[in-house]
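*Asks:* coordinates only, no sequence provided:
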């Protein structure tokens, strides 16, 4: 037997639940039923197979299918979702008039089945509520990301020692993966939605950075197989090239996002200039970003700086451009707010965002940095503190 | 510019499309619109961001959002799905009366958006059609899995040399991951649906094999973090324990599934007996399984053999039991047919299945094997050919 709340303090769970409830109230939702792993993790501090039921009033209920042995206040064992409504009735809880389900995350047939299991409820979207709630981190969550960020930096500082002359990008990535895992990286790279796929992140050497990819990551890369066309493609790392490392920072269930550029030798002045522009953009955003600022304004700021230095041709990609320069990060790599031209997000206190103004310089490769920040009242606080300069591979 | 069909022979794509069309005809579906990565990969040999439109008659159309530069017969560039129907009209193609969408795989809001983009069509389920089509492999697909299986075995044969006394399960797993990746493993572990998560597979040492997990894998394990409660948990590998290795076999976009057991020293007679029972079950199934046989009968056969040797208490888990002893495998780890008591699947020629009758012996750990097989007219052909005995860690 194991208590459900074995991992995350109950007080922390309550903070999160209260935040969700405020947003439920705003949307006139009487209860939400959560069944995706990331949101179950957010609302309980663990992943189980089942459902978290959060009513507008009264304690949350945890309908657990697996694992066996979970117990605690509010835990109800079930085999199938059709048992939930009868069990609520038994507990004297009325059917919610408006039930929130994760419409943007759950499969169509899953939602239809849950809809049928609550015949007296109309269905609303809970995924937007959860996305909004999760975009503002608690202090506890910020500390998880800070812990990940520190380990992430520890790994990146070891990268020069992992390099051997004649190595391919794939070989270097494999050593980075191993070093990350030995440092405690969980390996898992959580992405909301089903369309983005990647293994442990991306290492882009030289011209491969200019290979377009189908995925919504900031950079592309051809990959080594058409079943996973992203990232390293077997390019041998050579003088004149950059190697951009943007790999998995999930050390705690909460991810940091960090990019640094490495080179075996000097690179072109244009590439150096673009890298410095990225650093300068980050520093400008560190000052400009605070609660109440439009996310789209930060994109404009970055784009304007790139333009003013005649670098817009390379900004956020060359053959194919990414449409954003930053994004929220936490349990998933793609949270709110999104720093894009058409984003309607407004920065809030304790958003955690990754800022990644990058450039692709033809023949040389990708340059630029990415840091993870928490939005404080007076600007951004960096959670990935290490040198931002291009790092020499030894 | 790059041709869409750069990777998989056009004749092979045609074979697959013909198979899909036969199933569409059976379901009276006039066209299907595919948008999930695994099914786009199946129908084109690559992953792109967009949609594959397969009409009952006429050539498939490929509506591509990303990457830039894809071209070839049937390729149409789009920005959003609302453009598809007008573009079909322009090409003189009538709206399908019944349009198949991936209802079991696509998010609810995605399906609703596509439904709205085809106002003159009624919606049917294409995911069942695709699942059925993909369950019977072409010769080309079997060869991809065979190639993965050979590399998978190469990695597993190296495991004894990766072991050092005093190692934890996590440390051994990290060296297996590195060896796999150097052998060409893509790292990506494709699972259909959103509920199962794992990083590069599972290494279970000793009693951790008896820790229940929320996921639908055959074995559990506590994991090292509550955000990913499965697999290795940091157990130090010690004499008397088994180490069950069941890690990623995706070397080609098509996965093999392979489990072997390793030990640093002799294990209990009960554990040895259960391991031999697993081998014997596999050999019995190799003979019994052929086209026309019920998948549930193979489960019964396995269970009966476990019972007849008084091992049912440990069969497919101890504290928590898995409900199946095998499953289809290919692009995803969880394909059809499913070898479970209530499965309605009937084995077909060229199904590829992983068979994994396993046991959890308290205190010792997990024993048993898993092989990947193709269903031939006269029984199973093994695609993961290496010793089935317990392997000594050196």
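*Replies:* Now that the structure is in, tell me what you want to look at. Keep in mind the model is a prediction, meaning the values are calculated, not measured.

*Asks:* for residue A:309, which non-adjacent residue is spatially closest?
*Replies:* residue A:277 (5.3 Å; CB to CB, 6 or more residues apart in numbering or on different chains). In this view, the C-beta of every residue, glycine as well, is placed from N, C-alpha and C.

*Asks:* count the residues that sit near that neighbour.
*Replies:* By other CB atoms under 10 Å in any protein chain shown, the residues close to residue A:277 number 23.

*Asks:* hang on, it packs against residue A:306?
*Replies:* Yes: using CB atoms under 8 Å, residue A:277 makes contact with residue A:306 at a distance of 6.2 Å.

*Asks:* need the residues touching each of the two.
*Replies:* Taking CB atoms under 8 Å, 6 or more residues apart in numbering or on different chains as the criterion, residue A:277 and residue A:306 both touch A:357, A:359.

*Asks:* off-centre distance for the strand or helix carrying the residue nearest to residue A:309?
*Replies:* Residue A:277 is part of helix A:269-288, with elements assigned from DSSP states H and E. In terms of CA atoms, centre = their mean, to the nearest Å, the centre of helix A:269-288 is set 22 Å apart from its chain centre.

*Asks:* contacts made by that helix with the rest, please.
*Replies:* Outside helix A:269-288, the residues touching it (CB under 8 Å, 6+ apart) are A:242, A:261, A:297-298, A:301-302, A:305-306, A:309, A:311, A:314, A:325-326, A:355, A:357-359, A:361, A:364-365, A:367-369, A:371, A:373, A:379-380, A:382, A:388-390.

*Asks:* tell me the buried residues in it?
*Replies:* For helix A:269-288, burial by neighbour count (16 or more other CB atoms under 10 Å in any protein chain shown) applies to A:270-279, A:281-282, A:284-286.

*Asks:* closest to chain B out of those?
*Replies:* Chain B lies nearest to residue A:274 out of these, by CB to the nearest CB, at 21.0 Å.

*Asks:* where do the strands sit along the stretch 201-350 of chain A?
*Replies:* Assigned by DSSP state E, counting those that start in this stretch, the strands in the stretch 201-350 of chain A fall at A:201-205, A:243-247, A:260-263, A:326-328, A:335-339.

*Asks:* just put those in a markdown table and tack on mean neighbour count, distance to residue A:225 and mean pLDDT.
*Replies:* Output for these, formatted as a markdown table (neighbours: other CB atoms under 10 Å in any protein chain shown; distance: least, CB to CB, whole Å; pLDDT from 0 to 100):
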| stretch | mean neighbour count | distance to residue A:225 | mean pLDDT |
| --- | --- | --- | --- |
| strand A:201-205 | 29 | 15 | 97 |
| strand A:243-247 | 26 | 18 | 98 |
| strand A:260-263 | 23 | 24 | 98 |
| strand A:326-328 | 26 | 26 | 98 |
| strand A:335-339 | 24 | 29 | 98 |
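
*Asks:* of all the ones you listed, which one is nearest chain B?
*Replies:* Of the strands of the stretch 201-350 of chain A, nearest to chain B by CB to the nearest CB is strand A:201-205, at 10.2 Å.

*Asks:* which residue comes closest to residue A:346 once chain neighbours are left out?
*Replies:* Counting by CB to CB, 6+ apart, residue A:294 is the residue found nearest to residue A:346 once chain neighbours are left out, at 5.9 Å.

*Asks:* mind listing what the one you found touches?
*Replies:* Neighbours of residue A:294 in contact, by CB under 8 Å, 6+ apart: A:343, A:345-347.

*Asks:* drop anything exposed from the contacts of helix A:269-288.
*Replies:* Burial by neighbour count, judged by 16+ other CB under 10 Å, picks out A:242, A:261, A:297-298, A:301-302, A:305-306, A:311, A:314, A:325-326, A:355, A:357-359, A:361, A:364-365, A:367-369, A:371, A:373, A:380, A:382, A:388, A:390 from the contacts of helix A:269-288.

*Asks:* pull out the buried residues from stretch A:307-327.
*Replies:* Within stretch A:307-327, the residues scored as buried using 16+ other CB under 10 Å are A:311, A:314-318, A:320, A:322, A:324-327.

*Asks:* can you narrow those residues to ones near chain B?
*Replies:* Applying CB under 8 Å from any CB of the partner chain to those, one finds that residue A:320 fall near chain B.

*Asks:* now, which of the buried residues of stretch A:307-327 sits nearest chain B?
*Replies:* residue A:320 (4.7 Å).

*Asks:* the closest one contacts residue B:68, correct?
*Replies:* Yes: Residue A:320 is within contact range of residue B:68, at 4.7 Å (criterion: CB under 8 Å).

*Asks:* overlap in contacts of those two?
*Replies:* residue A:212.

*Asks:* quickly list what residue A:355 is bridged to.
*Replies:* Residue A:355 forms beta bridges with residue A:326, residue A:371, as assigned by DSSP bridges.

*Asks:* what pLDDT does it get?
*Replies:* Note for residue A:355: predicted pLDDT of 98.

*Asks:* cool, residue A:84 as well?
*Replies:* For residue A:84, pLDDT reads 98.

*Asks:* so who does residue A:66 touch?
*Replies:* Residue A:66 makes contact with A:48-50, B:212-215, B:320, according to CB under 8 Å, 6+ apart.

*Asks:* could you dump those residues to a markdown table with pLDDT and distance to residue A:232?
*Replies:* Below are the contacts of residue A:66 laid out as a markdown table (pLDDT from 0 to 100; distance: CB to CB, whole Å):
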| residue | pLDDT | distance to residue A:232 |
| --- | --- | --- |
| A:48 | 97 | 35 |
| A:49 | 97 | 34 |
| A:50 | 98 | 38 |
| B:212 | 95 | 37 |
| B:213 | 95 | 31 |
| B:214 | 95 | 32 |
| B:215 | 94 | 29 |
| B:320 | 93 | 38 |
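
*Asks:* elements contacting the host helix or strand of residue A:170?
*Replies:* Assessed by DSSP H and E, residue A:170 sits inside helix A:169-182. The helices and strands touching helix A:169-182, judged by 3 or more CB pairs under 8 Å, 6 or more residues apart in numbering or on different chains; DSSP states H and E, are helix A:139-162, strand A:201-205, strand A:243-247, helix B:169-182.

*Asks:* reformat the ones you listed as JSON lines; add distance to residue A:61.
*Replies:* Formatted as JSON lines, the helices and strands packed on helix A:169-182 follow (distance: least, CB to CB, whole Å):
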{"stretch": "helix A:139-162", "distance to residue A:61": "23"}
{"stretch": "strand A:201-205", "distance to residue A:61": "37"}
{"stretch": "strand A:243-247", "distance to residue A:61": "39"}
{"stretch": "helix B:169-182", "distance to residue A:61": "34"}
